Structures are given as structure tokens and as C-alpha cells.
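Visitor: Sharing a sequence plus its predicted fold:
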Amino acid sequence: MQTLKLALKFFLKELRQGDLSLLFLSIVIAVGSLSCIGFLIKRIDNSMLDHATQLNAAQLILKSSSSVPGQWLAKAETLGLKQAQMRVFPSMLVVNEEFKLSQIKAVSDNFPLQGELLLRETLSSEPETQKAPPRGEIWLDKRLALLFKEKAASIELGDAEFRATGILDRVPGQSSSLFTIAPSAMINLADLDKTATIQPGSRIDYIYFFSASDSHAASKQALESYKHWLKPQLRSGQTLRSGVEGLRAVNANLKKAGDFLSLAAILTVLLAAIAIAVNSHRYGQKQYKNCAIMLCLGCSEKRIIAIELYKLVTLSIVGSFIGIVLGYSVYSAVLLLMDDLLPQSAAANNLQELIGMPVWVGLSSGLLLLLSISMANLIRLKKLSPMALIRKDFVLEDINSQLFYLMSLIGLLLVSFWYTANIKVTLLFYVVLILSSLLLYFIARFLLKYIIIIGRKYHFINRLSLLNLERHRQSVLLQVATFSLIFALLILIFLVRTELLDKWQQQFPEEIPNHFVINIQSYETQPFKDYLQQETIQTKGLYPMIRGRLSQLNHQPIKDMIPETAREHNALHRELNLSFSDTMPLSEQQQSQIIAGKGWLEDSSLNEREKKIIKLSIESDLAKALTIKIGDTLGFQVGAQRVEGIVHNIRTVQWDSFQPNFYIIFSPGLIEQYPMTWIASFYLPKKDKLKLNELMNKFPGITIIEVDEILKEVQFIIEKISHAIEFIFFFIVAAGFLVLSSSLSSTLDARLYENAVIRTLGASSKQLRRCLLVEFSVVALLSALIAIILAELASFILYQQVFNMSYAVHPLVWFGLAAISLILICGLGLIVVNKVFTQSSQASLNQFV
Amino acid sequence: MLIVKSLAKNIITPNGRLDILKNINFRIESGESVAITGASGSGKSTLLSLLAGLDTPSSGLVEIDGQSLINLGEEGRAQLRQDKIGFVFQSFHLIPALNALDNVMLPLELKGDKNARQQAEKLLERVGLSERHEHRPVQLSGGEQQRVAIARAFAGQPEILFADEPTGNLDQNSGENIIELLFELNQEQGTTLVLVTHDQLLAKACQRQFQLDHGVLSEPVIAESKAENANT
């Protein structure tokens, strides 16, 4: 108790006197920026999930080809989950003896659970939010409405008659039945029986929607446990998905955004750690002497360590707490200022929930970082020698560097992993960082050595600066290492951010295809192309599509040949769309890239016999999941026939490209004999929607899939994430500058003392300033150089391994950084050490006696 | 009572063994004042740190009040310093973040003394710094800092006070004041005083003087009632 009291006394006194204030500030900044980013990430996560669930109409969707056991729904009921249902099936609508094939959606009263079902009374009226249609009414989508002359008095569906009372403007949950058939009409589920359209053997999708009853943690937990309960019971033909799982395009981009946020979090942790390390080192140096005095006064080593430990714990708790408050204030200020630009979230209003995670993580990471980094300081106290107090030459033995780095690294890894929950990004980042830092340390040492040698030979550095650089070689190198690390981190985050945003912009150009057409017959392809050309509708080409089931691997049933875990893969339980092409990849727009093997046209090593063999190109994720390698023979069941081909290459497919993509592409020669249809995608602005009806009249057999709503949503989400990324980038840069100035000021003590001595010996302020300027310039340029190499190396690896982006060097950044580094380090440096010129030499000297 | 028997300290250097202290023997009675003088590098600081249990000897024995320092562990030596030993350094070594009062209170607080504040205030008054309680070391002159250090050293009511060049960093006037104060307190509290010094005036004020030369201790002059001389 006495020890704790003493520790608290020291803590307060040292904080007030300034000894602890820099370390305290670094904890506040570290935890502040970490929690601010934590809050932002959580907010973005929440709102992305919200968007996805709104798009999906619920948080959890169960899709089944048959009705599910009643106990499944009863279980959801017991867990207090909200439920809604939908049946989707094709059927004929009849108006005045005019027949139209439609996709019927029969929904329960409380559909949708989330998101907005928008309905217009007439084509020109404003859309209003609605729940399911009342009994006896049918709502038509725009194309059907147009087809039936807007408002038909009565529409027949099977045995029942409905009144058409509204036009569907937007239906959430589209994605769950996206690639079936359009146009659609909606009725109440209670009316389904009287239509008598559902007969045994009818093709019908049963879709069940589940959502937590509110945004409290307990309700979410209930949803999670239901998901876990249900998953093992799913049979073939049943899928369960949540959040954004079903939306590939959203998913792929969210994953990239998530990786970026992970990277941002690691960089913040690292910046925070640098700030803490620099100041903890400085504090440790100062504290060492005090501890030696305490030892002379009869305080035991154990007690001294306990006092220091209590101090650190108090420091991190108080500092982290203030940091969290600061982080939350900055976050709130940002929301206040920029609310429109950031994704909205219902959950974001739930302060308690929002705070939950970042606060605890903030507190604990503050403690973990500080303790792990300061551990070396504490351990050094075990070897405390008060002898130096008597010898009057109180020289510190240098801190146990290896231990210091090791402990810091462990703390960093733990906190980074905790923050990102992404082991791949975390480990890759640190491996790259450590290896390149080691390499660059030696390069920096080598360069500094030659700068000194050449500077001396050609007198381009004045003698005083040279002496300083030479005498403090180790600390100059440490400064270069710190600054270059900070710069490298900032460049890295800048580069990744820019490339990511650019890429997203490119990915969703103005006229990205927003409609797919399937079921085009071979004889219709030319007239179809002609029609599009005539209507000046841009298409990205037509691709053949043959339905086939993957059944064999190397002439054996595929399920016997692959690991048990892969047997439930979706691709084995349904027919795949196979395509063929004489070139590989299909076209430039296909956006696929061969990662193993070669395209069949460019493979000059093939002899005549080999050229005749039917070759396959397989999508990389599928190949990986089913452990398929190049050279394997795959067998497909196409109708009653079996078709075989040898895997010739493996390619990645950009599923989020909104263009026709295929798991399997054949080389020509065999597959084109089988019945096939064609798929096309094109861009159609909203005002031209009516052209779809013309198209359908002209080609009655085709099915049009409208993805414009989804695309709009994806674009919206991407835009919001982009803004969020900009914000986070801004915070990291701000944190970076704070760290930079704090590490500059940490060299202040040494400078103050030395310069006081030099001034006492008669140096003028001008001479001193020039000397410092030269020193800072050397440090600035060296740091910039090392930072550039480090950032280029790291970005090269991150682009390739994490973000799947192409890499090119960034010469503009090089010059920019060199200039910024010079201005910042020299400018900030001179401001920070200005005390040298304003404080009297005697005062400076006295501090060190 | 401080007894030193066959005390030796050596270190191994790249050039072989270096003997810092060789076969040191002496005995200091309670309440005595002793000066250890010698040229720089003669081993004074090493001897002082061995006597105070801050360092361990290569061989030999140090006993304080019948307790051998060698046999005490690190914890035991810390306890012994807390209970029986006081220090005054040449560079004062006050804790910069603490004010004068806090610095004097520190050894008392380490002991868990409930009246730490009152005792520290008394001691500061005794050394003539009653107006300076709230001042931090940087706000005090060298002489004042040393007074605080002396107050701190006597706060724990030590049986032996080790003073290492206590006037080394002070001007003549302040130095004389400090010597005066040290001997006064030494008399008042009956403390044994062991001084390491270059200052002949200070050395002569002690009852006994030891000379250390290349690690060998001799006692050339037996001073008689030098303390009284110093006080006059």
C-alpha cells in the first residue's frame, strides 16, 4: 500500500514537473488515434452491414428448394428473431387474355424485415415505403406495368384474380433471387394457396428472412447462435447467408476496404508505438538515475521495480482513458462536420454498443503497448548500479537493445493483430517491415559513414556539424530509422489509399453494364447484336453458355477424389455455366488473368495432337477449393452426355466487374456441339428502361436481369467507404506528424546541453543554427531516401499479396517526400530546439549538473 | 560500529587483474568522524560503495553493528541502508521531480513513517530552509541543494552517514557552512561520519584520517578532537 502511495505521488509529481508529460502525451495520442480509428472502423462496419442487410431485406437469409421443417422456424421464434418469408416461382400472368411469363414473389405480411420496399401508385407518382401487398392485390414491376398498360383492373394468376394497385420501384432481397427470371410481380403469401399455381414438382424457391429483434448485443447473439444451430442441418439445395455474403461485388470491395482498414490500424498502432518507444526510452534514461538514488536511500530493487510498474500502469490507464475521450471527441466532431459523407448507420446511434469494443481495446492496447515497450526499462533496473552516483560520472549503460526491440515487437504484434483480426495482413506487414528495416539500417550506416568521409574531404559540411554527426552516429542512425519509418508508413498508406480509390473509380465507370440478358439462342445472336447497335446500346459482347454439372475428376466421381471438406462446395451441387472461347482470356473486358499455365493460343509448345485435345481454363478459387491442378481431367455432365477436358490453365476472375464471368471455359472443338444459349451485358440509362420491353417483344425467349439497383447500391457503398478512407488517412497523417515532432523533441536534452557548452565556448547563434540545419538536413535526406525504399518495397509486396493491384514505382512521391522531409525535419527541428537559443547557457548547463 | 577486515576488490581487465583495493583493515567506533583522503583513482569511491553495501567485495568482510554485509542478500542490504545508513553526494542527487520537502520525506516514506511530513519539515527548518519547502532542486542554489541532501540523509536517523565529497561542488563559503552543518548534526544525533574528501580543511575537522594510495589504506595522522577545532 505504501509502495502504491509512493508510486502515485511520483506519478503526479513527475507529470506536473514534465518528466512524464511527453510519455503521457504519447499514450494519449496513441490511444486517441487508435480509438478514433476504432470508432470509425466500427461505424463503417456497422453501416456497411446495414446497407447490405437493407439490400438483402434481412440479416440472415435461408434459401431452400423445398419447404423447411417447421421446427427450424419455431427455433427462430424461441430465440426471439424477426421472421419473414418469400416464395419465388415463375408463372403466367393473364390480362385480357394476354399472357406474360413473370417471376412471382409471394411475401409474408412483415416483408421486408429491413430495407425499404418502395411502391408507386402510378408511373409518375412519388414512391412510398410499403410492407407486403394486402390480400387480393398484386404489385407489378415497371416493365410489367407498362406491358399491362399501367393499371390493369384485374390480373389472373392461376385460379385467383388480383387487383393491380401499385408499381414496384425497389424491392429489397432482390439479390436472393437475382439470377432467375424477370419481370416480377408481388402478392401476399396468404393468397398463394388460392392461386393453386404451386403443384408438386413446381420449381419454387422458399426464402426465409431472419433479423435480430433490435440492435442490442443479446439479440445479435441470438441471431448468431441461430446461424450456428442451423448451419449443420442444411441439406443440398439449401443455402444460408448473412450480411454481404451473397453480394459478390459488394463483398470483394468490402474485403479490400477491410484490408485497407486493417493496414490503417496497423500503421496507427505502429506510429503510436514509435511515439511511446521514443518517449519511454527517454523517460527510462532519466528514471534510471532516480532509481539509483532510491536504492541508496534503502529502497530495495523489488520495491523500485514495483513503484515503476505501478507508475506505468497508472500512466497507461489515465492516459488511455483521456485518449479514448479525445478519440471519441474527434470522431464525434468528424461525424458532426462530415455526416453526409460518411455511411449512415442505425447502430451508430447506439453509443453504448459503439463504444464497447474500441474503449476496451483502447484501454488494453495502451497498457499492453506501454508495458511491453517499457519492459526493457524495468528489466534494466534489476542491474541498477548506484556506483555511478558516487563516481560522479553518471553514464548510462545503454538499454538492452535486443530485449527492448523484442519486447516491443511482441507487444506490437499482439496489439496489431487484436486491432485488425487479420493475421495475414499483420504478419506480412511485420515480416516485410523487419527484413527491410534491417537491410536499410545497414544502408543508412554505410551512407552516413561516407557522408562524413566525403564531407570531411571536400569541406561541404562544416566541421562542427561533422563532429556532431560523427560523435552521435548511433543516435543519428536511430533518428533516421525512426523518421524513415514514420515517413514510409505515411507514404504507404497514401499510396494504397490512392491506388484503391483510383481502382474503384476505374472499376465503376459511368457506363458500367447494368443489365444482363440470358437465354439468347444461337440463331438470335446476330439479330440481337444488330438490335443493340441500332439502338446505340453499348454491349461488352455475347458469350456462349452451356449448362453442365461437374461430375468427374481424372475419370473418377469427383466427390471420391477431393477432401471431405470440399464435397459440400456449391459448384458440385448445381449446374455450372460453361463457356468456350478460342482466345484466352475471353476478351479484354473479361478482366481475368491467367495465374498458372498458358492461354491455348499463345502456347506455342503445343504439338498438333495436343492442340486437338480439349483444354479447360478454371477459375482459381474453385480450383483451390476442389484441389484441381493443371493437367487434371474434368468430366461434365451436359444433358445426357459426358464432356471431358484437361485443365490447361488457372485464372483469377474479377467477380465484381459486373460482366459475364465463368468458372470453366473450354477450348473450342467439342463443347459447341451441345445446346447452348448466350449471355450478354449492356449499359442502359434509367430513362431508356422502356427499351427493355421492346427487346423482350423482339426476343420473347430471353431473360433480362436488371442489376442497376444493386449496382447503384454498390457504387453508393464504395463512395462512402472512399470518404471514410480519406478520413482515416487524414488521421494517420496527423498522428504521424505528432509522432515526428515528439521524437524530434526527444533529442532535445542532448542538444540543449551540447549547444550550451558550445555557446559557452563562444559560438554565435548563427553558427549554431547553421550547424543544426546541416545536421537536420543530413538526417532529413537520409530518412527520405530510406523511407522511399522501404515504402516502395512494402507497397510492392502489399499490392501483390493483399490488394491484388498492379505495382509501379512512384517517382513523384520520391521528390515530394524529399522536399517534405527537408522542410519538416529542418523546420520542426529548429522550432523544437529553439529553446537552445532562448535559454541561457547557464540555465541549460544547470539542468545537467 | 563499522569493522572492515581484509577487504579487497579487483576486476578483470583485458590486461589482466586490476587490484582496486588491497587488504583493507580498520574499525570505526560509533559516533566517530573519519575522513578518507586520496588522489583521484586511488579507490576512494569503491571503498565507500563497499562500506555502504552498494557493491560487493572480491574478498574480505564489512560489518555494521555486528552484521556482516557480505552475508546479507540484496534485500537485506537495502533494509540495512534504510535503517542505518545515510548518504550525502558531491552532486547532491536530489530527485528533480520532487520538491525540497518531498525529497526529505522520501526515506521516511520508504520506511512507512506516519509522521514523515512533520519530521521532514523539522529537518528542513534545522538546515535553514523552512521557507523553501515547495522549491524543486532546479530552483535551489548548490549550497541549498546540499542542505536538502543533508536533511534527507539525516531524516532516517542513520547510525552511519557516508558523505562523498560533500563540498566538492560548492564555493568556499557554502562549503564551510555545509561542513559546519554536517558536524553539528553528527554531534546532535551521535551519528558515525565517514567522509571521502579532497578537502584538507574538512579532513582535518574529522577525528581520524585515512589515506588511500593505489588501493592501500594507511592512517598517518591520529587527529585529536578535530571536530571541536572545525567548529571554532
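Guide: Perfect, I can see it now. Numbers count the residues shown, from 1 in each chain, chains lettered A, B, ... in the order given.
Visitor: Can you give me the end-to-end span of stretch B:130-141?
Guide: 15 Å (Cα to Cα, to the nearest Å).
Visitor: Are that stretch and chain A in contact anywhere?
Guide: Yes. Stretch B:130-141 reaches chain A (Cβ under 8 Å from any Cβ of the partner chain) through B:R136, B:V138. (Each C-beta comes from the backbone N, C-alpha and C, glycine too.)
Visitor: Contacts made by that stretch with the rest, please.
Guide: With contact meaning Cβ atoms under 8 Å, 6 or more residues apart in numbering or on different chains, stretch B:130-141 is reached by A:17, A:846-847, B:92, B:94-101, B:103, B:121, B:124, B:144-145, B:148, B:174.
Visitor: Identify each buried residue in it, please.
Guide: Neighbour counts over stretch B:130-141 (16 or more other Cβ atoms under 10 Å in any protein chain shown) mark B:R132, B:H133, B:H135, B:R136, B:P137, B:L140 as buried.
Visitor: Tell me how far it lies from the chain's centre.
Guide: With Cα atoms, centre = their mean, to the nearest Å as the basis, stretch B:130-141 stands 22 Å off its chain's centre.
Visitor: Check stretch B:90-109 too.
Guide: On Cα atoms, centre = their mean, the centre of stretch B:90-109 falls 16 Å from the chain's centre.
Visitor: Regarding that stretch, how distant is the last residue from the first?
Guide: Per Cα to Cα, stretch B:90-109 runs 24 Å from first to last residue.
Visitor: Using neighbour counts, pick out the buried residues of that stretch.
Guide: Using 16+ other Cβ under 10 Å as the test for burial, stretch B:90-109 gives B:90-109.
Visitor: try stretch A:494-505
Guide: A:F494, A:L495, A:V496, A:R497, A:E499, A:L500, A:L501, A:K503, A:W504.
Visitor: so which of the buried residues of stretch B:130-141 would you say is closest to A:K687?
Guide: A:K687 lies nearest to B:R136 out of the buried residues of stretch B:130-141, by Cβ to Cβ, at 77.7 Å.
Visitor: Show me what residue of chain A gets nearest to chain B.
Guide: A:G298 (2.7 Å; Cβ to the nearest Cβ).
Visitor: Test my guess that that residue contacts B:A78.
Guide: Yes. When contacts are counted by Cβ atoms under 8 Å, A:G298 is listed as touching B:A78 (5.5 Å).
Visitor: Let me see the mean pLDDT of stretch A:321-330.
Guide: Across stretch A:321-330, the average pLDDT comes to 86.
Visitor: Any idea what B:L161 is bridged to?
Guide: Under DSSP bridges, the beta-bridge partners of B:L161 are B:G86, B:L193.
Visitor: okay but it is in contact with B:K84, surely?
Guide: No. In this structure B:L161 lies outside contact range of B:K84 using Cβ under 8 Å: 10.0 Å.
Visitor: Tell me which of those two has more neighbours.
Guide: B:L161 (24 against 19; other Cβ atoms under 10 Å in any protein chain shown).
Visitor: Now the terminal residues of stretch A:624-634, how far apart.
Guide: Start-to-end, stretch A:624-634 (Cα to Cα) is 14 Å.
Visitor: Can you give me the buried ones in it?
Guide: By neighbour count with 16+ other Cβ under 10 Å, stretch A:624-634 contains the buried residues A:A625, A:L626, A:I628, A:D632, A:T633, A:L634.
Visitor: Repeat that for stretch A:512-522.
Guide: A:I512, A:P513, A:N514, A:H515, A:F516, A:V517, A:I518, A:I520.
Visitor: did I read that right, the second one in a strand?
Guide: In other words, A:P513. No. Counting by DSSP: H, G, I helix; E, B strand; the rest coil, A:P513 falls outside a strand, being coil.
Visitor: returning to that earlier point: can you tell me which one of the buried residues of stretch A:512-522 sits lowest on pLDDT?
Guide: A:I512 (76).
Visitor: Could you list the contact residues of chain B toward chain A?
Guide: So chain B meets chain A at B:45, B:48-49, B:52, B:54-55, B:74-75, B:78-83, B:85, B:87, B:89-91, B:93-99, B:102, B:106-107, B:109-112, B:136, B:138, B:152, B:156, B:164-165, B:169 (Cβ under 8 Å from any Cβ).
Visitor: Counting neighbours, what do you get for A:D19?
Guide: 20.
Visitor: Same check on B:A39?
Guide: Neighbour count for B:A39, taken as other Cβ under 10 Å: 12.
Visitor: Would you list the phi and psi of it?
Guide: Here is the backbone geometry of B:A39 (degrees, to the nearest 10): phi -70, psi 170.
Visitor: doesn't B:L185 make contact with B:F154?
Guide: Yes. Under the criterion of Cβ under 8 Å, B:F154 makes contact with B:L185 at 5.3 Å.
Visitor: OK, contacts around residue 20?
Guide: The chain I'm using is chain A. Contact partners of A:L20, counting by Cβ under 8 Å, 6+ apart, are A:F11, A:E14, A:Y283, A:K311, A:L315.
Visitor: nope, chain B please
Guide: Per Cβ under 8 Å, 6+ apart, neighbours of B:I20: B:K9, B:N10, B:I11, B:G43, B:T46, B:G215.
Visitor: Tell me the predicted confidence for the residue nearest to A:D205 when sequence neighbours are not counted.
Guide: Excluding its sequence neighbours, the residue lying closest to A:D205 (Cβ to Cβ, 6 or more residues apart in numbering or on different chains) is A:V88, at 4.3 Å. pLDDT recorded at A:V88 is 87.
Visitor: Count the neighbours of A:V88 for me.
Guide: Around A:V88 there are 21 residues (other Cβ under 10 Å).
Visitor: Identify each buried residue in stretch A:785-805, please.
Guide: In stretch A:785-805, counting by 16+ other Cβ under 10 Å, buried: A:785-795, A:797-799, A:802-803, A:805.
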